[in-house]
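Asker: Mind folding the following:
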Amino acid sequence: MAKFLFKLGRWSFHHKWIVIVLWLSALAGVAGAAAAFQKPFSNEFSIGGTPSIDATYTLVEKFPDGGNPVNAAGVNVVFAAPEGQTLAEPQNFAAVDRVVGHIEDNLPDLTGTERFGNPVEVSPALQEGVVAQMTEQGLPEETARADAENLKMLSDDGRIGYTTFTIDVDSSMDVTDEHRRTVNDAMDLGRDAGIEVEAGGAGFGDPIAIKTSSEIIGLVIAFVVLIVTFGSMVAAGLPVLTAVIGVGIGALTIMIATAFVELNNITPVLAVMIGLAVGIDYALFILSRYRVERERMAADEAAGMAVGTAGSAVVFAGATVIIALAALAIVNIEFLTAMGLSAAFTVFVAVLVALTFIPALLGVLGDRTFAGRVPGVAGNRRRKHVREERPRSQKPTIGNRWIHFVRRAPGLVMAVVVLSLGAMSYPVLNMELSLPSDSTSNLDTTQRKSADLMAEGFGEGVNAPFLVIVDADDVDVDAPALQPLVLAQESMAAEDAPVDRREAAVTSSFLYTVGQLKNVGGVKHAQLIGINVDTNAAQILVTPQTGPDDQYTSQVSHALREQGTQIADATGAEIGLTGLTAVQMDITERLSGAMPIYLAIVVGLAIFLLLGVFRSVMVPVVAGLGFLLSVGAAFGVTVLVWQEGLWDLVNTPSPLISFMPIFLIGVTFGLAMDYQVFLVTRIREHYIALRVKERANPDSDTPRAMSKLDAVEESTIIGFTRGARVVTAAALIMIAVFVAFIDQPLPFIQIFGFALGVGVFFDAFFIRMALVPATMFLMGNATWWIPRWLNLLIPRMDIEGTALEKEWEARHAAEEEHRKQMGTVAS
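Answerer: Take a look at the predicted model:
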């Protein structure tokens, strides 16, 4: 592959204008296609295949006129009278009426109004109606009053009340700004009248907003880091330019894809975040290698050699990122798969751009590539002290000083890294996961205030209702569990109107299910709220004692499902658990269950690929274990800051977004392999060269033979010194790009940016630049040991371009010899 890439790089250098025009045409083409075919991004997270979603399909089938409760745009408007007052007092009652009246008069898409109105009036009327209806159906008055109490809309002290309605749109994500404005205006009327009014529910979430400033901040910081790295304004601009083109093509292609598939509007944000980071880094690696090769080669060959060597590593690193992102499909959650594939495609484009556009720009700029030098930066001479400056190659660098320190105390470095990252990983044991809800919104939002008021007035569980669907098509008429209820119905029937045993069994299955669910631990109440027109299915509202972000509520959902299985075995009826709370918990649990499998895949992939690259057992093992340490520490710090609220750094500590861990693992893995490859390949290059020389001249008195360092030590020091500056710059750029996304308004994008930035920091500086060289010094020759059978079994991957360099050196030596001979003949 290295030889092919060498030819590709040199071809791109010589045919620079063709390459540049092709890429710019591609950018313009996808921009035009995006403008012509793009459809709006969706605000929804597509999910399927979970038990709660399957139960939702059953619910929609059995209750076709009721719509999908998971997508329903329900709104809760919550009222609270001043302390010491009640909502029934005249001034507060009038204020509530003003809010309700404004919504009723100005919201044309109002539906689901069974519980809509002033709660002071509606709540007692609703409760009495429930009692009357249920007692008429033959239920005990005690049961009827308990059900009515659970549906109350006014707190026991009369201070807090709420009303609820649904906005008549296809889903909660179709609620418009006009709808929100109407509700907000209504709330302001109540606030002006002296009461507290807040709103929440699926139909009153804030619209998803994306700020473009994050990309700009990341690019500016990256440009500054590149100036420090290259000491040249021109060279610093090249990686930024190529990254923007690559990300532009990737993001615009994602927009085109909306014409064929539904994509969430978060999908391009994550693709841009990752694409920018890797695009700049890949171009940086190739450009840095070009500067080194240019000292001994012609410009075109230096460009080819940079693409053949560093470019090979770019292809390998990019492939690992792409595989890690594409592997998110194993979780089988649609929106996560779309995010992974979209980001993977953007990385693919970034790799192609780095391999071709960079050498084409080198062909255009020639020796002006490193023009615009900044005095005193990256080894550039200061104008006032020209004579005092030594050549860059003679200067001890920070990386050189650091690696010598690691050599003197490798055990200490290893212990500090392992113990510190291990300690930072400890908070992972307390990690809690959930999806966004009113209860986890920022404290200063009306959604969070409404949820808190609801919990205060009616208990935590009011924010986390479960909906149980009973499908009695296959009910067992002779089920022993149902016989007492069937006999009770038969005994109450008139002699001239005998009870149909099947109908009695169906009704009994509903009542039996309610009774069994009430006995589940953690359930506050369960009640029958609806029977379909065919009388073969029922809905049961189950209210837990705890809220949606409480881990105990998840245990309640498991207990409900287990009870449902027992009910199905006893009655023959099919029991399903659904509702927004159940859907969110199913997603969280599926992601948690897939995480160990996904982690095993990416770590196993890393070890296998690195075995082929470095022909060593210990290097891949250390790389894999180091990745686990860095990602564990990243999780731990993220839990401390965003979940536990360390030092009050975030507004509202809350459980982490459910899909953050698995996405973080995928991205961090790919980036970790980047740094492993770019750093360790420089070490291995020098090690192989030393071993070849030693075998060719075992008794020579060369500086190498006279050195106190063995081949592993010398190659580690020299390779690390050569690669550390570039890897440091690459890591800082990635950290800057990711951390800039903390400026986004959406909490889960903020958490992604923070977690990825922290993960890259730990992996680049603690693992790759500390633990990896420390273990090499400790292991000595065992660093590059591999059993003969394994060496033959694992396919070879020459990403260092060793064969390419040997071929060039042989050709160069032959050309030099030919020139000498021609000079001798001429003389």
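
Asker: all contacts plus neighbour counts: C-alpha atoms, from now on.
Answerer: OK.

Asker: Using the record's assignment, carve this protein into domains.
Answerer: 70-206+449-506+513-528+540-561, 396-448+594-796 (automatic domain parsing).

Asker: Mind putting the ones you listed into TSV with mean pLDDT and distance to Asp300?
Answerer: Formatted as TSV, those follow (pLDDT from 0 to 100; distance: least, Cα to Cα, whole Å):
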stretch	mean pLDDT	distance to Asp300
domain 70-206+449-506+513-528+540-561	89	54
domain 396-448+594-796	84	22
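
Asker: Kindly present those domains as JSON lines, with separate columns for distance to Leu241 and mean neighbour count.
Answerer: Shown next, in JSON lines, are the domains of the chain (distance: least, Cα to Cα, whole Å; neighbours: other Cα atoms under 10 Å):
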{"stretch": "domain 70-206+449-506+513-528+540-561", "distance to Leu241": "35", "mean neighbour count": "19"}
{"stretch": "domain 396-448+594-796", "distance to Leu241": "14", "mean neighbour count": "20"}
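
Asker: Can you tell me which of these is nearest to Ile245?
Answerer: domain 396-448+594-796 (16.2 Å; Cα to Cα).

Asker: What is the distance between that closest one and the centre of its chain?
Answerer: Distance of domain 396-448+594-796 from its chain centroid, counting by Cα atoms, centre = their mean, to the nearest Å, is 19 Å.

Asker: Ok, stretch 273-290 next?
Answerer: Distance of stretch 273-290 from the chain centroid (Cα atoms, centre = their mean) equals 22 Å.

Asker: what sits up against that stretch?
Answerer: Stretch 273-290 is contacted by residues 215, 222, 230, 235, 238-240, 242-244, 246-247, 302-303, 305-307, 310-311, 314, 343, 346-347, 350-351, 354-355, 358, 678, 726, 730, 733-734, 737-738, 741 when judged by Cα atoms under 8 Å, 6 or more residues apart in numbering.

Asker: Return the members of those residues classed as buried.
Answerer: Among these, those scoring as buried are 215, 222, 230, 235, 238-240, 242-244, 246-247, 302-303, 305-307, 310-311, 314, 343, 346-347, 350-351, 354-355, 358, 678, 726, 730, 733-734, 737-738, 741 (criterion: 16 or more other Cα atoms under 10 Å).

Asker: ok so, going back, would you list the domains of the chain in JSON lines and tack on distance to Ile322?
Answerer: Converted to JSON lines, the domains of the chain look like this (distance: least, Cα to Cα, whole Å):
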{"stretch": "domain 70-206+449-506+513-528+540-561", "distance to Ile322": "31"}
{"stretch": "domain 396-448+594-796", "distance to Ile322": "8"}
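
Asker: what about these, which gets the closest to Glu61?
Answerer: That would be domain 70-206+449-506+513-528+540-561 among these, by Cα to Cα, at 10.3 Å.

Asker: The closest one: end-to-end distance?
Answerer: End-to-end distance of domain 70-206+449-506+513-528+540-561 (Cα to Cα, to the nearest Å): 18 Å.

Asker: what secondary structure does Trp71 sit in?
Answerer: Actually, residue 71 is Asn rather than Trp. Here Asn71 is recorded as coil under DSSP: H, G, I helix; E, B strand; the rest coil.

Asker: contacting residues for it?
Answerer: Contacts for Asn71 (Cα under 8 Å, 6+ apart) come out as Asp170, Ser171, Ser172, Ala202.

Asker: quick one, what contacts the first one?
Answerer: In this structure, Asp170 makes contact with Asn71, Ala72, judged by Cα under 8 Å, 6+ apart.
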